[in-house]
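Engineer: Mind folding the following:
(one chain, ligands or ions: 1)
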Amino acid sequence: MSETNNASQPLKILLLAAEVVPFVKTGGLADVTGSLPPAVRALGHDIRVAMPRYGRIDPRRFNLTLLPETFVVPMDNRMEPGQLRESRLAHDVPIYFVENARYFDREGLYMYPDDAERFIFFCRGALEGVRQLGWQPDVIHCHDWQTALVPNWLKTIYARDPFFARTASVYTIHSLAFRGIFGRRVLEIAGIAEYEFTASPDGARDGQVVDFMARGITYADVINTVSPTYAREILTPEFGEKLDGLLRQRQDRLFGILNGLDVEAYNPATDPHIARHYTAETLEQRAENKAALQRYAGLEVTPDAPLLGAISRLTDDKGFDLIQASLEPMLQHLPIQFVLMGTGEERYHRLFLGLAQRYPGRVAVFLTFNTPLARRIYAGTDIFLMPSRFEPCGLGQMIAMRYGSVPLVRAVGGLVDTVHDYNPATQTGTGFLFRAYDAWAFYAAVVRAVETYRYADVWRKLQQRGMQQDFSWQASARAYVDLYRLACALRTQAETMAPHTP
Ligand code: GLC
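Structural biologist: Residues are numbered from 1 along each chain as shown. Below is the predicted model of the structure:
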């Protein structure tokens, strides 16, 4: 048994991600990569994080120290220099920022024509950077397509490198919707053109493209997604985005670990952004937050109208076609109010602005994203909508429950694993679920919720059950450590089984 398989030995883990809270965030990925490492560190492991130093991350504001070590990354026939800056996450977790003006001194994070090259540089820079520091990870934990070539490298260009030869990889899929598909040329930049070509399993694309996500799945020692249900769903054509066949082949390496929530940051008893603090025991004080939100949003200030809310990217993936089909009939037939925050497809911007005009005092729309307002929506709404088409984990429903806003969600992915349907007969459950992806099923769930809202003590207990759920990272961090150990064991096993060719 190797050292890293001994359950008492602390592990060295390098976590690679394109975004990390509090530095940059475009989605739930950043919440996970910002709060999992401190939780793993609390279990006694030496976990360190690396991400790109984007132009918008101000080194002074975040106290980033430039490290003296420099490195070069071979990018096809060029050598590209890089350097690391260092800062700390909670629990003193080191975070390294891979610095290179050519790739990262830009306004945005993604959607540049050379994205493949940028993230190849970031990942390889992180590996070369920790080599310069003499810090040798047992496991590299990769997240989503931007980091998905690392498992591929560990089995090719780094397989005989004494520094990384024993490093295992874990690949976490946060969403199959973002794949990283590029032309074959990127293999030269990544230094792996001479190795076996693995065609994209996506037949529609002729297989002649490089699919980062598929490579992560193919080469990682262990793969996981962010909820047990999504881990099962992606084995089917409905959710597999054409990778279900490949995922089925690797099913024995595929796991589902539910994301946790940063329960210190999201806490209605201490949240600095909300009008009045409260707990499950002092829920009556929550009413002030509803009134404050109604005032701020220009809604009629009344406790009686059930206030529905959503905070989301405005896309079909998140179920906005269902909301589009049913919101107006709901406004006509039910005494509801609706508040929305988020940005997305232009047609949804127009739709919601139109509704806000036609239903003054009942519909409020904020086409933006800002944290203080998000917190006020969680603290002030009665019902929180997430009718997603698919949802690998979802964070909003967990935050909503913690703040006493009752989630109304589609029964998919992490939503099923975190929200339990209210059952009036047994007085159990923490929210409202609907199954079919269909405007009527959604509408029916809203009717059920609005009907239940009329019974104040039933509703209060429903809120309290949600607020008492344990969504902290502890259990999930332990599950990740088990996964890291499994990856190390499988890596060692593969090593001893591999034929020793010169
Ligand atoms: C992606 C998924 C979301 C998940 C998040 C963090 O954004 O769409 O469901 O919660 O990643 O894992």
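Engineer: Now for the residue in the stretch 151-300 of the chain that the ligand sits nearest to: which residues touch it?
Structural biologist: Proximity of the stretch 151-300 of the chain to the ligand (Cβ to the nearest ligand atom) peaks at residue 174, 3.4 Å away. Backbone N, C-alpha and C define where each C-beta goes, glycine included. Contacts for residue 174 (Cβ atoms under 8 Å, 6 or more residues apart in numbering) come out as 27, 28, 29, 32, 143, 144, 225, 226, 392, 393.
Engineer: Now the stretch 1-150 of the chain against the ligand: closest residue?
Structural biologist: At 2.8 Å from the ligand, residue 28 is the closest residue in the stretch 1-150 of the chain, using Cβ to the nearest ligand atom.
Engineer: My read is that that residue contacts residue 397, right?
Structural biologist: No - Residue 28 lies out of contact with residue 397 (Cβ atoms under 8 Å); the separation is 11.3 Å.
Engineer: So which of those two has more stuff around it?
Structural biologist: More crowded of residue 28 and residue 397, by other Cβ atoms under 10 Å: residue 397, with 27 against 21.
Engineer: got a pLDDT number for that one?
Structural biologist: With respect to pLDDT, residue 397 scores 98.
Engineer: any idea how far it lies from the ligand?
Structural biologist: According to Cβ to the nearest ligand atom, to the nearest Å, residue 397 and the ligand sit 9 Å apart.
Engineer: what about the stretch 151-300 of the chain, any weak spots by pLDDT?
Structural biologist: Flagging of the stretch 151-300 of the chain using pLDDT under 70 yields the residue ranges 203-207.
Engineer: Which residue ranges of it form strands?
Structural biologist: For the stretch 151-300 of the chain, the strands defined by DSSP state E, counting those that start in this stretch cover 168-173, 181-182, 210-211, 222-225, 254-256.
Engineer: Can you tell me what sits against the first one?
Structural biologist: Right, strand 168-173. 4, 138-144, 147-148, 150-151, 154, 213, 216-217, 219-226, 234, 392, 480, 483-484, 487-488, 490-491.
Engineer: for this structure, which helix is longest?
Structural biologist: Of all the segments of type helix in the chain, defined by DSSP state H, the longest one is helix 474-497.
Engineer: now that helix, how far from the chain's geometric center?
Structural biologist: 21 Å (Cα atoms, centre = their mean, to the nearest Å).
Engineer: before we move on, back to that, show me the two of the contacts of residue 174 that sit farthest apart.
Structural biologist: Farthest-apart pair in the contacts of residue 174 is 27 and 225; separation 14.8 Å (Cβ to Cβ).
Engineer: quick one, which of the two is more surrounded?
Structural biologist: Under the criterion of other Cβ under 10 Å, the comparison of residue 27 against residue 225 puts residue 225 first, with 27 against 14.
Engineer: In contact with that one, which residues are there?
Structural biologist: 172, 173, 174, 231, 234, 254, 255, 256, 257, 392.
Engineer: so the fifth one touches residue 243, yeah?
Structural biologist: This points to residue 234. Yes - Residue 234 is in contact with residue 243 according to Cβ under 8 Å; the separation is 7.2 Å.
Engineer: just to revisit the earlier point, okay, the strands of the stretch 151-300 of the chain, which one's buried deepest?
Structural biologist: Ranked by mean neighbour count, the strands of the stretch 151-300 of the chain are led by strand 168-173 with a mean of 28 (mean count of other Cβ atoms under 10 Å).
Engineer: now the angle from that strand to helix 474-497?
Structural biologist: Relative orientation of strand 168-173 versus helix 474-497 (axes from the mean of the first three to the mean of the last three Cα atoms, to 10 degrees): 130 degrees.
Engineer: so what strands line up beside strand 168-173?
Structural biologist: Looking at strand 168-173 with DSSP bridges, its partner strands are strand 139-143 (parallel), strand 222-225 (parallel).
Engineer: List, one by one, the residues from the stretch 201-350 of the chain near the ligand.
Structural biologist: Counting by Cβ under 6 Å from any ligand atom, the stretch 201-350 of the chain comes close to the ligand at 226, 259.
Engineer: Could I get the contacts of residue 225 in CSV, plus columns for distance to residue 449?
Structural biologist: Converted to CSV, the contacts of residue 225 look like this (distance: Cβ to Cβ, whole Å):
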residue, distance to residue 449
172, 33
173, 31
174, 29
231, 29
234, 29
254, 34
255, 33
256, 28
257, 29
392, 24
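Engineer: Show me where the stretch 401-502 of the chain has its strands.
Structural biologist: For the stretch 401-502 of the chain, the strands defined by DSSP E, counting those that start in this stretch occupy 406-410, 432-434.
Engineer: Tell me which of those strands sits nearest to residue 21.
Structural biologist: Comparison of the strands of the stretch 401-502 of the chain against residue 21 by Cβ to Cβ identifies strand 406-410 as nearest, at 21.7 Å.
Engineer: which strands and helices sit next to that closest one?
Structural biologist: Packed against strand 406-410 by the contact rule (3 or more Cβ pairs under 8 Å, 6 or more residues apart in numbering; DSSP states H and E) you find strand 383-386, helix 396-402, strand 432-434, helix 439-453, helix 456-467.
Engineer: Mind doing that once more with 10 Å?
Structural biologist: Judged by 3 or more Cβ pairs under 10 Å, 6 or more residues apart in numbering; DSSP states H and E, the packing partners of strand 406-410 are strand 383-386, helix 396-402, helix 413-418, strand 432-434, helix 439-453, helix 456-467.
Engineer: okay, the first one in PDB with CA atoms only?
Structural biologist: Taking only C-alpha atoms (Å, rounded to 0.1, in the frame of the first residue of the first chain), the coordinates of strand 383-386 have been written out as PDB:
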ATOM      1  CA  ILE A 383     -41.400  30.900  -2.800                       C
ATOM      2  CA  PHE A 384     -38.200  30.500  -4.800                       C
ATOM      3  CA  LEU A 385     -38.500  29.100  -8.300                       C
ATOM      4  CA  MET A 386     -36.000  26.800 -10.000                       C
END
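Engineer: which helices and strands sit right next to it?
Structural biologist: strand 307-311, helix 320-333, strand 337-341, helix 396-402, strand 406-410, helix 439-453.
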